[in-house]
Structures are given as structure tokens and as C-alpha cells.
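K.L.:
have a look at this prediction, sequence included:
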Amino acid sequence: MYRYDEFDARFVRERVAQFRDQVARRLDGSLNEDEFKPLRLKNGVYLQLHAYMLRIAVPYGTLSSRQLRQLALIGEKYDRGYGHFTTRTNMQFNWPRLRDVPEILDLLADVEMHCIQTSGNCIRNVTADHFAGIAADEIEDPRPTAELIRQWSSFHPEFDYLPRKFKIAVTGAARDRAVVRAHDIGLRILRNAKGEIGYEVMVGGGLGRTPMIAKTIRGFLPKTDLLAYLEAVLRVYNLEGRRDNKYKARVKIMVHEIGAEEFARRVEAEFAQLDGPAIAADPQEVARIAAYFAPPAYETLPARSARFETAKAENRAFATWASVNLFPHKVPGYAAAVISLKGIGDAPGDITSEQMRVVADLAETYSLDELRITHAQNVVLPYVKKDDLFIIWQKLVDAGLATANAGLITDIIACPGLDYCSLATARSIPIAQALAHRFADEKRQLEIGELNIKISGCINACGHHHVGHIGILGLEKSGQESYQITLGGDATETAAIGEILGPGVPADDVPDAIERIVSVYLAHRTAGETFIEAVRRLGLAPFKAAFLEKTHAPA
Amino acid sequence: MSTAKRPPLPVILLANDLLDGEVVFWTGASWSPDPKVALIGHDAETASALEAAAARALAANQVVDAYLVDITLDAQGHGVPNHYREKIKTEGPSVRRDLGKQAGLYNIVANGN
Ligand code: SF4
């Protein structure tokens, strides 16, 4: 895992000291709220419905056991004993007191963590494929790239006050598990005809009020040109992006308004006149970063583990979990295990301090001390020997973390919604809970197969509803919560924005509405066809008809 | 505050405590985390007094995000916000009944300042 160098460490400590001073000045009245708010946001402190909220960056979703234990401690000491993982793989605490935040930031700095650039109009935490380094379809681990971008973008003076926030995601694989086309910049590592490694650069994706799928503006960018090219993109946006209207300020609007070709032309023109070699990272530094992400010391193991096979044969619940929550590892004898934070009836992404410690211990003992946070609000143990899976599962069962639903209909993404978020127009979590209860039956979930439901509590779309196979958006209609349902969204390399099925429905009607949609799929699917494939083949019409058909109460 | 449109009467005044973030209510004399002791503005005059209290508290850096909320009186004569958003704000998360005001848990340090 990446370790801070002395400059990183000093920067973070200095920032904590600055914030401590800013809080003190806010308290003695030298700073008013208008002056203080941008400063607290720069340090990840939001004011939510019930309390302040602290958002902690988890760069490219990678954490060590020590870091997760520190989060557990913070949750216990300064919060209410739990935290929440977001779709940007960050952790949020819901109840910190402003007066305690400087101390929390110090505790984070102790484990090389911080809240810098988790808010505000700057380049935010860089996310990546959560199966980085372990997926068989990977060309290169995306994390050295993500780390390079993190270093380049941290405190970048030119891009500290952009027209709006700016999100970058990187994947190194053919399959997109990082939703890169829904980011301001999405990068995909690929190989050109000569076999050289570079990037496909996609720009102008984003969800929210105006959802857009990113457009490719460069099919192949040599690796060494990365930072200069990013600088050119950011510069074009920074100069010409709209600052007059918050709703039109994201780069996606600019790309949409002038067209991807024109945007690309301006970027290329800027890129051509930049001093590329001066901007490019020092090759030694690139090598230093890459070394941190070198493959760990794997053991040579047989691909088949007799212990694993026996445990599956003897324990049906374990076999189900193994068939659903494991991801194949490129190294024989290993697997990546998804720990679902979507227990039936749980708030998606929430994890207690006790559970954090259990997961940290498991990672330390069985996964080379490392874990990953996914944009789907789950946790991954990336380097598990198949031999150890059964004991891990038993410990997960004890901690209430062994739900076998990764990728299934109850593995629902949901933002905090109105239960916590001051921007929300409706609640998200209760909808996720009701749907999880409705589809809790394990056999039925497996029969339905891969199906992503994503829920947002307002148009800002933190719950990624636009790219859910089924998306649910909570709105307010005549003083009541109302839920708009979309169909056909896709968060992968075939990214698509879902289409609205009809008028919003009240919260109580959501499970029945989803049930009707799922029934259409079950009735019409062909052998082996997934939900999203069936939606693409059948089109919206049959689903729309079923959605609009009201459930009639028995007479 | 001054630019916000006054909601229909009766109203209460709520805000977040600057230091602790807790949702607090103006009692007529001070800020309390307990919605039951909120001063209820039944008439325009009291509503104006609530607005003035909000302006003073904002200027004195005691609270942030202060605004009037229209309510309905329950059987005990306590104000219950009409809108579901402020109702959740005065109770706590609907998905965690063990947290927030509904559980008697205040996220505030007594005699804090
Ligand atoms: S989508 Fe809206 S309600 Fe949900 S977390 Fe984002 S801003 Fe809050």
C-alpha cells in the first residue's frame, strides 16, 4: 500500500493545525459563517440535518487494517459507534461535533488519512476499480495512476477553485467496475496496436440534475503524457466552464454545449503548447509509487483448494455465500471476498465500529493487511487464500456480515437521503430496507440473478440512480415523499442512463412496483439472459405497462 | 433570514448549534435541544420576535441555519412540524429510532460555551 512521504505527512499536519486555528477563530467571532463555511468544507465538514458530518477520503478505496481500526475508534469516541461508506468510497461520520473535528483530524493524520478535497470545487478523491491488482481482465493496476493523480491534484494551486467539483475515476480493466463514464474524467488503461500501455480519456460524464455519459476525447494517450493532458483538460474547463450558474458549471455541460469534438480540439491545442516534459512526473517518482502497488508476496498454491471444496459440500449457507460473494483472483488458489454491507434491513453502507474491527482483523490475518471499499458500498478482502475462506465466513457470520447478496437485487446502493442529508427531498434508506425485506428470500434472489437497484434521496444522485438497472429517485410531491422509477441504466463499460417509467409513486407502493417490473423480466427472459440484457432486448414498453398497472387491493 | 418568506402560523424557531451541530429550539430565553420547550409563535408579533431572536443568535455566532418552521399542535400542546423534513429534523433519523432526540440523545455538550 502507498505510504506518505515526509511532505505528505507535513502537509496533512499543517492542514490540521490551520483548521484548529480556523475553528478557534470561528468560535471567537473573528470568522462569520459565510467566511468559515468554505474553510470547513475544504476539510470535509458539512452541516447536515441533525448534526455536522465529516467526510474522510479513502483514496481509490484502499485501506489498511490499521486505518480501519482508527476509523472504528473515531466512530466510537466521537460519533455514535458507526460510519457510512459512500458511492465515492469515502467514509462519512454522521454525528461529529465541530469542536472535536480538529482532534479527529489529528487521529486521521496518525494513520495517513485526511478529509482534504472531499468537498468544495476542487479535484475530489480519485476512485478506482475495487478489484485493482487482482482481476484477470486487468491490463494494469489502476492505483499507481490514481495515486499519481492524487499527488498532482492535492493542493494544485491552479485547480483549487474550479467552476464546480471535479471527479476522476480510473480502471485498468476491460470491464468497468469503477463507473468511469459517470465521472468528469474517466480513464481506462489499455494497450494500443503496438502493445504500448496508455489511457483512453473520457470527459464530461456525471449524474445529478443533468446526467451524462462521458465522451472519449482521446482514444490512446501515452502514459507519460497523462499529467500534462489532465492539466490541459482542467485548464480548458477552468477558463471556460460556467461560474454564473451552479447547475451548468460541471464540465459535462461544457462538453455537451460545445460538443465533444470541439472540447477535444481545445484540449489538444492547450496540450500542444504545454511543456509536457516539465509537467510529467519524474520517472523515479512514478517508479517509487508503482513499487507500493507491486503484487504482494503470493504463495504458490494449487488452483483447487480441497478444504474450500469440502466446506462448500458440507455447508450449504457457506456454498451460497461463496457462489455469490467471491470474485475470481488472477493468482491460483486465491479469491477476493466481498463483504456485503447490505444485510437485510440494514442501512446500505453503514458499518459499526465493532464490525470495522472484525473486518480489520480479518484483513490483517487473511488478506495481507489490506481491504478495499467499493462504490457499491461494500468491502472487499482482496488477497484471500481459498483455504481460509470458510473460517473467514464463520467470523463474518458472527459479526452479521455474511449476507450472500453481492450484485443481487438486495445489494442496493442508497445514499443517506433525508434521514441524514440536508439536501434531500425524500428518504432513501427506508426504501432500500423495504425492498431488501421484500426480496429477502435467498432462493428467489438467486433466481432473479444480477440486478442493481440504486436509490438517491434527491436529484444530486449520490445514489447513482441514473445508472441503476432500476433507479429510484426520491422527490417531494405535494408535501409528500414520492419516488420516480427509472429502468435500463448501466454503470459498466456499456454505460447508459435509465429512462423514467412513469409518474412517481408513494413510498409504500415502491416494493410492489419493483415486483411488477421484476415479474416482466422473469416471464420473458430467455435462458441465461440477465435483467439488463432482457431490458435491452424487450425495450421499455412491457415494463412500463406493468409499472403503470396499479395493484388492486383484494375486494 | 430576513429574505426568507415567513411560513404560515403557528411557527417555532430552530437552528443548529454552532459548536455541536445539534438541532436547537428557541424557548424565548435560550436555545434548547428539546423540541417540547420551543416557544410557539401563534401570532405575527411572536413570529417577528422569533425572527429577531434568530438574527441575534446568528450574529452572536451561537447557531447556524436558523429558520422558522410551521407546526401543528399535538395533544400535549407541543409543536410538530408540518413538513416531513423538519419532522425528521426534530426527531432524529427515522431509520435509527435509537438515535437523536427521539431517543433522548442530544449531541450537545451541556453548558458548552
Ligand atoms: S443524493 Fe441528495 S439526498 Fe442523497 S446524499 Fe446526495 S445530496 Fe443527499
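P.N.:
Happy to help now that I have it. Residues are numbered from 1 along each chain as shown, chains lettered A, B, ... in the order given.
K.L.:
A:Pro328: neighbour count?
P.N.:
Per other CB atoms under 10 Å in any protein chain shown, the neighbour tally for A:Pro328 reads 13. From N, CA and C alone the C-beta is placed, and that goes for glycine too.
K.L.:
if I look at it, how far off is the ligand?
P.N.:
In this view, A:Pro328 and the ligand are 33 Å apart by CB to the nearest ligand atom, to the nearest Å.
K.L.:
beta partners for that residue?
P.N.:
Beta-bridge partners for A:Pro328, by DSSP bridges, are A:Ala335.
K.L.:
isn't it right next to A:Ala335, touching?
P.N.:
Yes. Using CB atoms under 8 Å, A:Pro328 makes contact with A:Ala335 at a distance of 6.8 Å.
K.L.:
quick check: mean pLDDT of stretch A:33-49?
P.N.:
For stretch A:33-49, the mean per-residue pLDDT is 94.
K.L.:
hmm, it in reach of the ligand?
P.N.:
No. Legend: contact between stretch A:33-49 and the ligand by CB under 6 Å from any ligand atom is lacking; minimum distance shown is 8.5 Å.
K.L.:
chain center to that stretch: distance?
P.N.:
Relative to its chain's centre, stretch A:33-49 lies at 23 Å (CA atoms, centre = their mean, to the nearest Å).
K.L.:
again, but for stretch A:477-486
P.N.:
Centroid separation between stretch A:477-486 and its chain, computed with CA atoms, centre = their mean, is 25 Å.
K.L.:
CA atoms of it as CSV?
P.N.:
Extracted in CSV, the C-alpha atoms of stretch A:477-486 (Å, rounded to 0.1, in the frame of the first residue of the first chain):
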residue,chain,number,x,y,z
LYS,A,477,-44.7,15.9,-4.5
SER,A,478,-47.5,17.9,-2.8
GLY,A,479,-45.7,17.8,0.6
GLN,A,480,-45.2,14.0,0.4
GLU,A,481,-42.3,11.8,-0.5
SER,A,482,-42.7,10.5,-4.0
TYR,A,483,-40.4,8.0,-5.8
GLN,A,484,-39.6,8.2,-9.5
ILE,A,485,-38.5,4.9,-11.1
THR,A,486,-36.1,4.6,-14.0
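K.L.:
could you pull out the helices for chain B?
P.N.:
Per DSSP state H, chain B carries helices over the ranges B:44-59, B:84-91.
K.L.:
buried residues of the shortest one, list them for me.
P.N.:
Buried residues in helix B:84-91, defined by neighbour count with 16 or more other CB atoms under 10 Å in any protein chain shown: B:84-86, B:88-91.
K.L.:
who are the packing partners of it?
P.N.:
strand B:11-17, strand B:23-26, strand B:79-81 (3 or more CB pairs under 8 Å, 6 or more residues apart in numbering or on different chains; DSSP states H and E).
K.L.:
residues in contact with it?
P.N.:
For helix B:84-91, contacts defined as CB atoms under 8 Å, 6 or more residues apart in numbering or on different chains pick out A:49-50, A:418-419, A:424, A:427, A:479-481, B:14, B:23, B:25, B:35, B:69, B:80-81, B:94, B:100-102.
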